[in-house]
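Undergrad: One predicted model, sequence on top.
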Amino acid sequence: MILLGTLTDACGATGQRGWICQAAYELTGSEDFAKVAETVSTPIRLVLVLVVAAITAWVVRRLVARSLRHARDNDRISSFRIQGDIPQLSDLELQRREGRFSTLTVALQNIASVIIWVVAGFVFLDQLGYEIQSVLVAISAISVVIGIGAQQIIKDFFGGLFILMEDQFGVGDVIEAGNASGKVESISLRVTRLRDVEGVVWWIPNGTIAEVGNRSKEWSRALLDVEFDPTVDPGSAISVLEGVGAEIMTDPEWSSRITADPEVWGVQKMNADSIQVRLVVKTIPLEQWAVARELRARIDVAARAAAVPLAGQPITGPVGEGNPISPHRASRPSAPEGEAGNR
């Protein structure tokens, strides 16, 4: 009975006494030593909480980076999976994957670190003797106030996270997002930066992107609705376009940008002014505009040579002596047209 009373005096009542104080008292039988051990144990526990939290955060960050790297290298998650029928990765695709991987890794690492340190903070306060329930109530009230003021930032953050995880678009892609369109120059968790064809930079908060069109995802398509003179036989018009499609596939400079044989889909529209015939060509990403320009130039030459005039083009005979029309090639600009929404 005397021993129990002394233990209570040294370490407090049952259910409140620390295990270090009780172990020290049972080991030495000294009330003073038990009190000193309990006093010293508090800062030791606090330091231990911080050390464990720091080590856990470091380990988790390494595991997140390693897991995502492994998933990327082994093509196991949709965020990094290469889709489509392009036979090999281009420099642009490699850049997109690396940028997406880096941003997503940092985001998940930061989320994991915040969770770990929040939990460590609660344990830290508990070791100091604070009532956790009271602390949670106060934090909840503060969180509500902060959440109301920062709800758009939170929305932007999760919007950016899903953009990266779902691989909706990446750096170098040409996209349309609302009223803005252009080439993606950078993506963060909060904002996406575009540059249009006139050089204007658009900053778009990720949380405001309700829908987005990607003009360079996996593959692209050059679509030409060619208008011929209304007197032209549709079969002759189709033959001209088929010939141009076959011709461009024999040119190594252009066939390397085309992933499938050009297709003539036929007559799209007929009226008193023209006959419209559609030609479509599947290309590698971002090359559809350059291919379309080259096709327009070749169609013009082929139509004149075959005496199958385009709408508004004077009817002439085949190219040759006495005919001033001569074949030409389209100029090849250094950068693809349409990077910011040109059709």
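TA: Nice, thanks for sending it over.
Undergrad: Could you chop the chain up by domain?
TA: Domains of the chain are assigned by automatic domain parsing as 1-149, 164-214, 220-305.
Undergrad: Quote the end-to-end distance of the last one.
TA: Domain 220-305 has an end-to-end distance of 30 Å (criterion: C-alpha to C-alpha, to the nearest Å).
Undergrad: and if you look at the second one?
TA: Here the two ends of domain 164-214 are set 14 Å apart, with distance taken as C-alpha to C-alpha.
Undergrad: Leaving out chain neighbours, which residue sits closest to residue 216?
TA: residue 285 (3.9 Å; C-beta to C-beta, 6 or more residues apart in numbering). For glycine as for every other residue, the C-beta is placed from the backbone atoms N, C-alpha and C.
Undergrad: doesn't the one you found fall inside a helix?
TA: No. Going by DSSP: H, G, I helix; E, B strand; the rest coil, the assignment for residue 285 is coil, not a helix.
Undergrad: would a markdown table of the domains of the chain with distance to residue 311 be doable?
TA: Shown next, in a markdown table, are the domains of the chain (distance: least, C-beta to C-beta, whole Å):
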| stretch | distance to residue 311 |
| --- | --- |
| domain 1-149 | 35 |
| domain 164-214 | 27 |
| domain 220-305 | 4 |
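Undergrad: can you tell me which of these the model trusts least?
TA: Note on the domains of the chain: domain 1-149 shows the lowest mean pLDDT, a mean of 72.
Undergrad: Would you state the helices of the stretch 201-343 of the chain in chain order?
TA: Assigned by DSSP state H, counting those that start in this stretch, the helices in the stretch 201-343 of the chain fall at 234-248, 252-255, 288-305.
Undergrad: coming back round to it: relative to residue 313, which of the domains of the chain is closest?
TA: In terms of C-beta to C-beta, the element of the domains of the chain nearest to residue 313 is domain 220-305, at 6.9 Å.
Undergrad: What separation do you get for the residue nearest to residue 216 and residue 259?
TA: To residue 259, residue 285 is 10 Å away according to C-beta to C-beta, to the nearest Å.
Undergrad: quick one: which of those two has more around it?
TA: residue 285 (24 against 19; other C-beta atoms under 10 Å).
Undergrad: Pick the most buried one from the helices of the stretch 201-343 of the chain.
TA: Among the helices of the stretch 201-343 of the chain, ranked by average contacts under mean count of other C-beta atoms under 10 Å, first place goes to helix 288-305 (a mean of 21).
Undergrad: Packing partners of that one?
TA: Packing partners of helix 288-305 (3 or more C-beta pairs under 8 Å, 6 or more residues apart in numbering; DSSP states H and E): strand 220-228, helix 234-248, strand 275-283.
Undergrad: quick check: angle from it to strand 275-283?
TA: 140 degrees (axes from the mean of the first three to the mean of the last three C-alpha atoms, to 10 degrees).
Undergrad: How far off centre is helix 288-305?
TA: Averaging C-alpha positions (C-alpha atoms, centre = their mean, to the nearest Å) puts helix 288-305 34 Å from its chain's average.
Undergrad: cool, stretch 116-131 as well?
TA: Put simply, stretch 116-131 sits 37 Å off its chain's centre (C-alpha atoms, centre = their mean).
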